[in-house]
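**Q** here is my input, please return the structure:
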Amino acid sequence: MLRGVGFPSSPPPRPSAPPPSRATVVEELSRIDQSPAFGGSTRQIRLLRFLVEEVLEGRGGELRAPLVATRVFERPEGFDSSEDSIVRVEMSKLRRALHRHYASTGPASVRVVLPHGSYVPTFVVGAPAKAIPPSREQCVGDTEGPVLAVLPFAGQTVVSSAAIPAAGPGQPHAVWGGAPGARGRALAHGLTDRLGALFTRAPGVLLLSRPTTLDEAQAQGARYVLEGTVRIIPGALRIMAKLHDTARGLLVWGNAYDRVGADDRLFAVEDEIAREIALQLVGFPFGAVHRLEGRERGERPALAAYDVALRFPRWLATFDSDLGVELQRACERILEGDPDASLILAPFSVFHSLSGWTAGACPDSRRWAASLARRALAVDPASAGPHHALAFVLLDAGDGPGALAEAETGLDLGEDPSTSGLLLALAGRWERGTAILRDHMRTMTRYAPAWPPAWRHALCLDAYRRGDYAAALLEAKAITTPHLAWDPLDRAVCLARVGRLDEARAAGRELAALLPAISRDPGAVVARVTADEALRGDLLEGLRLSGFVCESPTHRG
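**A** Numbers count the residues shown, from 1 in each chain. Here you go, the predicted model:
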C-alpha cells in the first residue's frame, strides 16, 4: 500500500489564493481520467468523480462510508463498514492512484487531494513545477521505497546499415519510409513516456516527475536514474539503457535491446522493450533495483513494509526457519498497523503457502494463506502478486482450473513471469509454463539469479512426467533448498527412477522428517503438488520405489 509514502506533495494554498473555479476542477478531473496511474480502473474513476461532484454540489459534509457504498458500489441500505471493507479498500487505492498520478505528471493548475481519514476531496491551487523528494519524516513507515527517475531517451541520427549484420534468408529488411531521424526521436520519446507509466505502477518505488538531466534528478532526490539511447536504421534498431546509482556514483545496470525488421511495428516494439526494462529493473521483488536495495538494507532492522518485503527473496532462496520467524513477526506487526498493506499481503500469503512444505509449518498455514491472498486481491487486483498468491492457494487445494486462471492473469499483468511460469506448469500447462520460466531465467542470469532455486521444481517435474529421469534429477539437484519438502521429494522420486535406490531412500527419509504427512498419506500430499493427475500417479509410483507404502484411500485412488 502506498499510503503515507511521501510522494511529492503540494504546499497548502496561500490564504489569499482564491479557490479554483468549478470549470478548472472539472478540467483537472478529465485530465485525471486519462492518467495511466489508474491502470484503466473504471471503479476508481467512478469513485473519484462521485466524491468530487458531491463537493462541487455543496454536499461534501454528507460524505460517509454508507453513502459511498450505496451510491458507488451498489451496496444495499444498512451498509456496515465493519463487515464489508470495500469503501476503505477502494479509498486507499484511490489515494495511491492520485499520488502516482501527480508524481509522474507535470505541474497542474489545481490538484485533487484526498486527505487521509476523510472522504472529502480538497482542491489545491498553485501546484509546484518540480517534484520534491520525500523526506524521511514524510515517509510514514509504510513503504519508504527507493526514489527513481527516467531521463528522456535520446534518439540518435541514423547510421549506415552496414553497422548491423545482413538479414538472414527469409528475413528481408522492411522498406524504409519517412524521415529516419524523426522516427528515432519519436521512438525515444514514446519509450520514455511508456517507461514512466510502467514505473509509476511498480510496487514499492517512487518516480520523480520529468527531470531532464542526471544532475537535476539527483538534486531532486533520485537514488536511481535511468537513461538510454535509441539508434534506428532501415531494418533494425538498438536501444541502450543504463541505470545510475547516484548515492555511490556507480553505473549499476545496463542492457542492449536489438530488433531486426521492426520498421512496420515500432509501437509494438516500444511497448515490448519498455516492459522488458521495467521488469528487469522494478519488477517486484526480483528486479535489479529491489535486489540492490535488498543488499543494502538487509542487515538493518526492517521497520517499513518495503524493508520487510525485501526479505522475501532471501527466504525463498533458503527457506531458513530463523528468517521465517523474523518475517512472520515483521509482517504481523506491519499488518496490525495497516491491514491493507499491499506490499506485504501477497508475499505473506505465498510465505504461508510454501511454509506448509517445511518442518516449521503451523496447522493453519493453508487457511492463513487463503485469507491473505483474498485480502491482497481485494486491495490491489491490478498487480500480479495477489493473483499469484491466490494461484498457490488454489493449487494447494486441488483446484487446477482456478490456479491456472489466476496464473494467466498474473502473467498478463507482466510483473513476475518466473512465478507465472511455475504456476502455469504446476497447473498443467507444462510446455508454456516451463518455456516462460526458462526464458526469464536466461533474461535475468546476466545480472544475477533473479528467481528462487525452488522454482526449478517445475522444470524437474516436467522432465519427470516426460520420462527423462536423468534430466529431472539434474534439475532436482539444482533446487538446493533442503528446508523445503519439494527438494527431497524431487530427489527421492528421480533417484528411484534411475535405480539409485539407497540414495532415493535417504532422500525419502529427509522428506519424511520435513513432512511427516507424506508417510501417512502420500496421495494427499502429492495432490497438493500438481493439478496433473497422470503426473500424480507417476510421483506416487516413484515414492513407492523410494520406500513409501500407504494403504490409505487417497493413495489407492
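**Q** which parts of stretch 470-478 count as buried, going by neighbours?
**A** Counting neighbours by 16 or more other CB atoms under 10 Å, one finds that the buried residues in stretch 470-478 are 471, 472, 473, 475, 476. To be clear about C-beta, it is placed using only N, CA and C from the backbone, and glycine gets the same treatment.
**Q** so which residues make contact with it?
**A** 453, 456, 459-461, 463-464, 487, 490-491, 494-495, 497-498 (CB atoms under 8 Å, 6 or more residues apart in numbering).
**Q** surely residue 353 forms part of a helix?
**A** Yes. Counting by DSSP: H, G, I helix; E, B strand; the rest coil, residue 353 falls inside a helix.
**Q** contacting residues for it?
**A** 365, 366, 369, 389, 392, 393, 396.
**Q** gap between it and residue 392?
**A** As judged by CB to CB, to the nearest Å, residue 353 and residue 392 stand 4 Å apart.
**Q** got it, and residue 426?
**A** Distance, residue 426 to residue 392, by CB to CB: 9 Å.
**Q** how far is stretch 280-289 from where the chain is centred?
**A** 8 Å (CA atoms, centre = their mean, to the nearest Å).
**Q** how about the strands in the stretch 1-150 of the chain?
**A** 110-113, 122-125, 147-150 (DSSP state E, counting those that start in this stretch).
**Q** what is the second one packed up against?
**A** Identification of packing neighbours for strand 122-125 by 3 or more CB pairs under 8 Å, 6 or more residues apart in numbering; DSSP states H and E yields strand 110-113.
**Q** contacts for the strand it packs on next, please.
**A** 10, 20, 24-25, 28-29, 32, 48, 52, 98, 102, 121-125, 127.
**Q** that one: partners in the sheet, and parallel or antiparallel?
**A** strand 122-125 (antiparallel) (DSSP bridges).
**Q** closest to residue 227 out of the buried residues of stretch 470-478?
**A** residue 475 (38.8 Å; CB to CB).
**Q** where along the stretch 451-557 of the chain do the helices fall?
**A** Under the criterion DSSP state H, counting those that start in this stretch, the stretch 451-557 of the chain contains helices at 456-465, 469-479, 486-497, 501-514, 517-520, 522-526, 533-545, 553-556.
**Q** out of these, which one sits most buried?
**A** helix 486-497 (a mean of 27; mean count of other CB atoms under 10 Å).
**Q** can you tell me which helix or strand the nearest residue to residue 315 once chain neighbours are set aside belongs to?
**A** By the measure of CB to CB, 6 or more residues apart in numbering, the closest residue to residue 315 outside its immediate chain neighbours is residue 323, 5.1 Å from it. Here residue 323 sits within helix 321-337, counting by DSSP states H and E.
**Q** filter the contacts of strand 110-113 down to the ones in helices?
**A** 24, 25, 28, 29, 32, 48, 52, 98, 102 (DSSP state H).
**Q** what's the helix holding residue 323 packed up against?
**A** Secondary elements touching helix 321-337 (3+ CB pairs under 8 Å, 6+ apart): helix 305-309, helix 312-318, helix 342-355.
**Q** so, low pLDDT: which residues of the protein?
**A** Applying pLDDT under 70 to the chain picks out residues 1-18, 39-41, 81-83, 85, 103-107, 116-117, 126-143, 156-181, 444-450, 549-557.
**Q** what's the longest helix in it?
**A** Max-length helix for the chain by DSSP H is helix 180-200.
**Q** list the helices and strands the next helix or strand after it packs on?
**A** Next along the chain after helix 180-200, taking DSSP H and E as the criterion, comes strand 206-207. Strand 206-207 sits against helix 86-104, strand 147-150, helix 180-200, with contacts defined as 3+ CB pairs under 8 Å, 6+ apart.
**Q** how about TSV for these, with distance to residue 42 added?
**A** Putting those into TSV (distance: least, CB to CB, whole Å) gives the following:
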stretch	distance to residue 42
helix 86-104	12
strand 147-150	27
helix 180-200	18
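**Q** between these, which one is nearest to residue 329?
**A** helix 86-104 (24.0 Å).
**Q** same for that closest one, what does it pack against?
**A** Helix 86-104 packs on helix 42-56, helix 65-72, strand 110-113, helix 180-200, strand 206-207, helix 365-379, going by 3+ CB pairs under 8 Å, 6+ apart.
**Q** would you map out the domains in the chain?
**A** 22-125, 147-165+172-282, 285-451, 452-557 (automatic domain parsing).
**Q** top of the contacts of residue 353 by neighbour count?
**A** residue 389 (30 neighbours; other CB atoms under 10 Å).
**Q** that older thread, figure out which of the helices of the stretch 451-557 of the chain is closest to residue 436.
**A** Closest to residue 436 of those, according to CB to CB: helix 456-465, at 9.9 Å.
**Q** next, the angle helix 533-545 makes with the closest one.
**A** Counting by axes from the mean of the first three to the mean of the last three CA atoms, to 10 degrees, helix 456-465 lies at 90 degrees to helix 533-545.
**Q** okay if I get the buried residues of stretch 470-478 as a markdown table plus distance to residue 189?
**A** Output for the buried residues of stretch 470-478, formatted as a markdown table (distance: CB to CB, whole Å):
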| residue | distance to residue 189 |
| --- | --- |
| 471 | 47 |
| 472 | 49 |
| 473 | 51 |
| 475 | 44 |
| 476 | 49 |
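**Q** of those residues, closest to residue 503?
**A** Nearest to residue 503, judged by CB to CB, of the buried residues of stretch 470-478 is residue 473 at 9.9 Å.
**Q** tell me how far the closest one lies from residue 542.
**A** 11 Å.
**Q** what do these two both touch?
**A** Common contact partners of residue 473 and residue 542 (CB under 8 Å, 6+ apart): residue 494.
**Q** quick one, what contacts residue 387?
**A** 377, 381, 406, 407, 409, 410, 413 are the contacts of residue 387 under CB under 8 Å, 6+ apart.
**Q** how would you label it: helix, strand or coil?
**A** Strictly by three-state DSSP, residue 387 counts as helix.
**Q** how about the contacts made by the spatially closest residue to it that is not a sequence neighbour?
**A** Leaving aside its chain neighbours, residue 387 sits nearest to residue 410 (4.0 Å; criterion: CB to CB, 6+ apart). Residues in contact with residue 410 (CB under 8 Å, 6+ apart) are 384, 385, 387, 388, 391, 416, 419, 420, 423.
**Q** residue 322 - how many residues pack around it?
**A** Residue 322, neighbours per other CB under 10 Å, totals 9.
**Q** try residue 295
**A** With other CB under 10 Å as criterion, residue 295 counts 12.
**Q** helix or strand for it, which one?
**A** Going by DSSP H and E, residue 295 is in helix 288-297.
**Q** hang on, residue 102 packs against residue 95?
**A** No. Applying CB atoms under 8 Å, one finds residue 102 not in contact with residue 95, separated by 11.1 Å.
**Q** more crowded one of these two?
**A** Neighbour comparison, residue 102 and residue 95: the larger count goes to residue 102, with 25 against 19 (by other CB under 10 Å).
**Q** mind checking how far residue 225 is from residue 186?
**A** Applying CB to CB to residue 225 and residue 186 gives a distance of 23 Å.
**Q** then residue 412?
**A** For residue 412, the distance to residue 186 - CB to CB - is 27 Å.
**Q** hmm, back to that, same list, the contacts of residue 353, but as CSV with distance to residue 358 please.
**A** Below are these laid out as CSV (distance: CB to CB, whole Å):
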residue, distance to residue 358
365, 9
366, 13
369, 13
389, 17
392, 14
393, 17
396, 14
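**Q** which of these lies closest to residue 316?
**A** residue 392 (12.2 Å).
**Q** how far away is that closest one from residue 349?
**A** Residue 392 is 7 Å from residue 349, by CB to CB.
**Q** what does residue 197 give?
**A** 27 Å.
**Q** for residue 86, same thing?
**A** The value you get for residue 86 to residue 349, if CB to CB is used, is 20 Å.
**Q** in terms of neighbours, single out the busier of those two.
**A** residue 349 (28 against 17).
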